[in-house]
Every structure is written in C-alpha cells, then in structure tokens.
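Novice: here is a sequence together with a model predicted from it:
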Amino acid sequence: MSHKASQPQTGIRSENNKPDKPVVTPSPCVSICALNDEGFCIGCYRDGNEIRLWNTYNDDQKRQVLNSCQRRATLDQAFIAV
C-alpha cells in the first residue's frame with residue numbers, strides 16, 4: 001500500500017476555489033490635496049508625515065492612520081456651522 005505525501009497548501013481558497021488575494025488597506029486619498037491651518041489634508045485628514053509615509057506602513061499602521069483620520073473628520077464636521 002503506497003502513501004502519497006500531502007501537498008502543502010499554497011494559500012487560502014475562497015468559495016470559488018481561487019486563492020484569495022491578501023487584504024490591502026487602501027489609501028484614503030480623494031485627490032483633494034491641500035493642508036489646512038492645523039497641517040491636515042482637507043480631503044483625507046492625514047497629516048503631511050502620514051501622507052509621505054503611507055506606502056511604508058504595514059496594514060496595522062494604515063488602519064491606525066485611518067482611525068485617526070475618521071476622528072479628525074468627525075471633529076472637523078462638529079465645527080461646521082449650520
């Protein structure tokens with residue numbers, strides 16, 4: 001009786017049996033690139049360093065920046081007069 005060696009898994013497979021692509025955190029850039037008086041972009045709410053270093057960040061760092069951007073956007077909206 002012969003035993004075949006099991007093949008190593010090369011990646012996680014989705015329901016359609018194709019390897020899943022790694023999740024990549026997208027840039028929040030909306031192509032409205034100008035810094036306000038506080039040094040944050042008026043389009044994406046990142047500061048200059050976050051914009052400059054975005055492509056060097058890992059996904060956890062990018063998610064932290066996105067959380068900061070969301071907080072800044074919420075605060076900014078709180079100061080808009082109705």
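Specialist: Nice, I can see it.

Novice: can you report phi and psi for C41?
Specialist: phi -60, psi 130 (degrees, to the nearest 10).

Novice: ignore what I typed, I meant Q61.
Specialist: phi -60, psi -40.

Novice: do the same with C44
Specialist: Per degrees, to the nearest 10, the backbone of C44 is at phi -120, psi -10.

Novice: if I look at it, how far off is C33?
Specialist: 8 Å (Cβ to Cβ, to the nearest Å). To be clear about C-beta, it is placed using only N, CA and C from the backbone, and glycine gets the same treatment.

Novice: more neighbours, these two?
Specialist: Between C44 and C33, C44 has the larger neighbour count (other Cβ atoms under 10 Å), namely 21 against 12.

Novice: so that one makes contact with C69?
Specialist: Yes. Counting by Cβ atoms under 8 Å, C44 touches C69, with 6.1 Å between them.

Novice: need the overlap of contacts for these two.
Specialist: P28 (Cβ atoms under 8 Å, 6 or more residues apart in numbering).

Novice: residue contacts, S68?
Specialist: Contacts of S68 (Cβ under 8 Å, 6+ apart): 45-46, 50.
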